[in-house]
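Student: What follows is a predicted structure for the sequence shown.
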Amino acid sequence: MNRKLRVALAGLSLGMGLGSTTLAQTKWDLPTAYPPANYHTENIVQFAKDVEAATGGKLKIAVHANASLFKAPEIKRAVQSSQAQAGEILLANFANENPIYALDGVPFLATTYGEAKKLYEVSKPATDKLLAAQGIKVLFMVPWAPQGIYVKKEIASVADLRGIKWRAYSPATAKIAELIGAQPVQIQQAELAQAMATGVIESYMSSGSTGYDTKTYEHIKNFYDTQAWIPKNAVLVNIKAFEALDPATKAAVTKAAADAEARGWKVAQEKNDEYKRLLTERGMKIHKPSAKLDADMRQVGGIMQADWLKVAGADGQAIVDAYKKN
């Protein structure tokens with residue numbers, strides 16, 4: 001064998017070796033609609049780092065923050081259709097697909113972290129079954145802070161919100177707008193700062209973290225801490241993509257997901273008071289709702305709970321019964 005042929009064959013062998021190394025590495029895309037500094041995003045980035053470390057770089061997860069890869073309403077479909085292997089969604093936003101997804105967005109059903117965790121646990125089997133039928137599964141879920149009302153003017157009752165331009169980002173928040181007589185405007189978080197700056201909205205319900213992340217304090221100066229509900233973000237994975245992993249990599253992903261969920265719940269609770277403090281430092285007035293406003297909002301919640309039970313049927317009733325059981 002002449003020297004040129006030996007060199008050519010050696011090069012071919014090296015190329016094949018590199019190719020097999022490339023094939024052995026798997027890359028996932030994980031889009032989220034929230035900014036890099038949000039604690040949900042930070043938690044997901046840590047999850048991705050934990051997976052890469054545990055698999056020795058065999059599985060790399062690229063996190064795409066701030067709706068840079070897909071907009072919030074597109075992420076679930078992207079995971080279902082394998083356009084992305086994983087993704088983060090606000091589960092309650094998909095209530096139109098099935099009422100079970102809306103459960104943690106029903107006002108005044110679960111208003112503390114302990115209640116929210118219990119509701120999560122009793123509803124998880126039904127949620128998992130629904131998602132599995134769509135080819136996806138939950139890796140982990142992390143809560144937001146209890147939801148309050150951001151509003152330009154000071155309010156004493158629901159009557160003060162009539163006619164106001166209200167951000168609706170989910171079926172639940174759109175329904176609240178209908179019940180209180182506000183004007184719903186569909187705005188996702190990535191568009192929220194501009195919507196406030198241009199006067200497209202004057203009020204919305206969300207958590208302290210959303211108010212801080214979007215610099216709401218530059219445009220709206222009042223936050224009413226109604227603690228109406230505690231929604232959760234779900235990090236989903238395409239089942240086919242997950243099942244394609246080898247057993248050791250699957251175990252690493254599952255372990256990292258469990259760690260991310262535990263860490264996320266802890267951070268969410270710690271951040272709740274921190275965000276309210278940060279908002280106050282930047283000129284936001286944090287109000288305790290008046291007795292009238294609280295009663296009005298709980299009346300809205302009662303209507304929405306009754307409506308939810310009607311559409312959720314026996315499956316929904318069973319979940320609520322299990323949740324309320326001591």
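Tutor: Yep, that arrived.
Student: so how far is stretch 289-304 off the chain centroid?
Tutor: Chain-centre distance of stretch 289-304: 25 Å, with CA atoms, centre = their mean, to the nearest Å.
Student: avg pLDDT for it?
Tutor: The average pLDDT for stretch 289-304 rounds to 97.
Student: Show me what counts as buried in that stretch.
Tutor: Buried residues in stretch 289-304, counted by 16 or more other CB atoms under 10 Å: Pro289, Leu293, Asp294, Asp296, Met297, Val300, Gly301, Met304. In this view, the C-beta of every residue, glycine as well, is placed from N, C-alpha and C.
Student: Can you add secondary structure and distance to Ala168 and give the residues you listed back as TSV?
Tutor: Converted to TSV, the buried residues of stretch 289-304 look like this (DSSP: H, G, I helix; E, B strand; the rest coil; distance: CB to CB, whole Å):
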residue	secondary structure	distance to Ala168
Pro289	coil	21
Leu293	helix	20
Asp294	helix	22
Asp296	helix	18
Met297	helix	16
Val300	helix	14
Gly301	helix	17
Met304	helix	14
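Student: in which helix or strand would I find Val237?
Tutor: Here Val237 is covered by strand 232-238, with elements defined by DSSP states H and E.
Student: Against which helices or strands is that strand packed?
Tutor: If contacts are counted by 3 or more CB pairs under 8 Å, 6 or more residues apart in numbering; DSSP states H and E, strand 232-238 sits against helix 39-54, helix 75-80, strand 86-90, helix 113-132, strand 136-143, helix 247-281.
Student: Give me the buried positions along the fifth one.
Tutor: Residues of strand 136-143 classed as buried under the neighbour-count rule (16+ other CB under 10 Å) are Ile136, Lys137, Val138, Leu139, Phe140, Met141, Val142, Pro143.
Student: Can you name the residues that contact the first one?
Tutor: Think Ile136. When contacts are counted by CB atoms under 8 Å, 6 or more residues apart in numbering, Ile136 touches Lys76, Val79, Gln80, Leu236, Val237, Asn238, Ile239.
Student: which residue is nearest the middle of this protein?
Tutor: Closest to where the C-alpha atoms of the chain average out (CA atoms, centre = their mean) is Asn233, at 2.4 Å.
Student: Beta-bridge partners for that one, please?
Tutor: Beta-bridge partners of Asn233, counted by DSSP bridges, are Leu90, Val142.
Student: Thought Asn38 was touching it, still the case?
Tutor: No: checked against CB atoms under 8 Å, the pair Asn233 and Asn38 is beyond contact range at 9.8 Å.
Student: now Trp28: how far from Asp246?
Tutor: 14 Å (CB to CB, to the nearest Å).
Student: just Gly148 next, same as before
Tutor: Gly148 is 46 Å from Asp246, by CB to CB.
Student: Which one's more surrounded, these two?
Tutor: Higher neighbour count among Gly148 and Asp246: Gly148, with 24 against 13, using other CB atoms under 10 Å.
Student: Assess the claim that the more buried one and Ser203 are in contact.
Tutor: No: using CB under 8 Å, Gly148 and Ser203 do not qualify as a contacting pair, with a distance of 11.0 Å.
Student: rewinding a little: switch the helices and strands packed on strand 232-238 over to TSV; also include distance to Met196 and mean pLDDT.
Tutor: Formatted as TSV, the helices and strands packed on strand 232-238 follow (distance: least, CB to CB, whole Å; pLDDT from 0 to 100):
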stretch	distance to Met196	mean pLDDT
helix 39-54	21	98
helix 75-80	23	98
strand 86-90	19	97
helix 113-132	27	97
strand 136-143	24	98
helix 247-281	14	96
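Student: Highest average neighbour count across those: which stretch is it?
Tutor: strand 86-90 (a mean of 27; mean count of other CB atoms under 10 Å).
Student: Which other helices and strands does that strand contact?
Tutor: strand 26-31, helix 75-80, strand 232-238.
Student: Kindly reformat those as CSV and extend each row with distance to Tyr224.
Tutor: Formatted as CSV, the helices and strands packed on strand 86-90 follow (distance: least, CB to CB, whole Å):
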stretch, distance to Tyr224
strand 26-31, 32
helix 75-80, 30
strand 232-238, 22
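Student: Any idea which of these gets closest to Asp128?
Tutor: Nearest to Asp128, of all the helices and strands packed on strand 86-90, is strand 232-238, at 10.6 Å by CB to CB.
Student: what angle separates the closest one from helix 39-54?
Tutor: For strand 232-238 against helix 39-54, the angle by axes from the mean of the first three to the mean of the last three CA atoms, to 10 degrees is 40 degrees.
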